[in-house]
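Undergrad: Could you work out the structure for the sequence below:
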Amino acid sequence: MAMLTLGILGSGSGSNLQAIIDAIDSGLLEARIALVLSDNPDAFILERAKNHGIPTGLIACSPFRTKFPDTAQQETALGLSQAGVDLVCLAGFLRLVKAPLLAAFPSRILNIHPSLLPAFPGLEAWKQALEASAVVTGVTVHLVDAGMDTGPILRQEAVSIMPFDTAETLHQRIQAVEHRLYPEVIASYAKKLFS
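TA: Residues are numbered from 1 along each chain as shown. The predicted structure follows:
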């Protein structure tokens, strides 16, 4: 099988990027990360990438706070393509991906979401679960389509909500599952891509 080349998009701390790097370093995931892009110049995901010698870049979405403009998506698609990316992984990327990027990487953009979709799509899903008095939530890895957290589900794992849970404790337990699950799903999906 050819070496899988990943491109990572993120807006925050990049803990899932770190989990992917760790999985590559330990041999659990046969891949290389060609490029890490962020829409947030202050995002720690960029520091994590630089600390591991991974090229980084900024996605210019200004003046929009939440929109992902078509021009920015086209530039992002071009940058990822020029880097030789096979599979794009969203890692805490807070903008909706639409046609220009989806067309450039059809069925080749993955996302990880902190709930058992379709329950609790959107931001801070762990807080949504607590506010709904749910007894279980979890993690979903799915293909990205033009909707918000609506793409085909590849894998899910449940996380029980304990009576003592706060938003912080629940989020920590969800992230522990995310960090194990995402590299596993990337590896299994890559086998389908290259088969």
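Undergrad: C-alpha from now on. contacts and neighbour counts both.
TA: OK.
Undergrad: that's a helix at residue 6, yeah?
TA: No. Looking at residue 6 with DSSP: H, G, I helix; E, B strand; the rest coil, it is strand, so not inside a helix.
Undergrad: can you count the residues close to it?
TA: A total of 22 residues lie near residue 6 under the criterion other C-alpha atoms under 10 Å.
Undergrad: any idea how far residue 142 is from it?
TA: Spatial separation of residue 6 from residue 142 under the definition C-alpha to C-alpha, to the nearest Å is 16 Å.
Undergrad: which helices and strands sit right next to the longest helix anywhere in the chain?
TA: Using DSSP state H to define each element, the chain has its longest helix at helix 167-194. Under the contact criterion of 3 or more C-alpha pairs under 8 Å, 6 or more residues apart in numbering; DSSP states H and E, the helices and strands touching helix 167-194 comprise helix 15-25, helix 125-131, strand 136-143, strand 153-160.
Undergrad: Mean neighbour count, mean pLDDT and distance to residue 119 added to those, as TSV?
TA: Converted to TSV, those look like this (neighbours: other C-alpha atoms under 10 Å; pLDDT from 0 to 100; distance: least, C-alpha to C-alpha, whole Å):
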stretch	mean neighbour count	mean pLDDT	distance to residue 119
helix 15-25	20	98	21
helix 125-131	19	97	8
strand 136-143	23	98	8
strand 153-160	16	98	12
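Undergrad: Any chance of a markdown table for the ones you listed, columns distance to residue 50?
TA: Formatted as a markdown table, the entries for these read as follows, by distance: least, C-alpha to C-alpha, whole Å:
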| stretch | distance to residue 50 |
| --- | --- |
| helix 15-25 | 12 |
| helix 125-131 | 29 |
| strand 136-143 | 26 |
| strand 153-160 | 30 |
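Undergrad: who wins for proximity to residue 97 among these?
TA: Taking C-alpha to C-alpha as the criterion, residue 97 comes closest to strand 136-143 out of the helices and strands packed on helix 167-194, the separation being 11.3 Å.
Undergrad: In three-state terms, label residue 32 for me.
TA: strand.
Undergrad: how about it, what does it touch?
TA: The neighbourhood of residue 32, defined by C-alpha atoms under 8 Å, 6 or more residues apart in numbering, consists of 3-6, 24.
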